[in-house]
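Participant: with the sequence up front, the predicted model follows.
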Amino acid sequence: MPRRILNHLRIAAYDVTKGTSKEIAEAVLMPGGMRDIFKSQPGFQAYSLLEVDAVTVISISSWETHQEAEDAVNAAAVWVSTHLQERLHRTSNSVGDTMFWEGSVS
């Protein structure tokens, strides 16, 4: 049976309303940034920020339980409203439970 890697995902899309995607990523990665906030939360597994185009970024985080993924929604909303409110607008947010995840891990 394949090893299950990811269990519960939070996926949010944002429009960059001021600045660039690179600047948003720098803010996320700074000490006390969203990466640190997520890493400090129970059940954290992984986090990535994707640049879709010049205006759209997608935040994906993985959690051990569905509730922990839901809690990440609130943590992200608080951090974004405090640090990036004038630069980022969330356009969608979803929490889902993986039905399967296939691939290889080294």
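Facilitator: Arrived safely.
Participant: which SS class is the closest residue to residue 43 other than its chain neighbours?
Facilitator: Excluding its sequence neighbours, the residue lying closest to residue 43 (C-beta to C-beta, 6 or more residues apart in numbering) is residue 68, at 3.3 Å. The way it works is simple: take the backbone N, C-alpha and C, and place the C-beta from them, glycine included. Under DSSP: H, G, I helix; E, B strand; the rest coil, residue 68 falls in the helix class.
Participant: beta partners for residue 9?
Facilitator: residue 62, residue 96 (DSSP bridges).
Participant: burial check on it, number of neighbours?
Facilitator: Residue 9 has 20 neighbouring residues, counting by other C-beta atoms under 10 Å.
Participant: contact partners for it?
Facilitator: 60-63, 69, 95-98 (C-beta atoms under 8 Å, 6 or more residues apart in numbering).
Participant: appreciated, that's everything.
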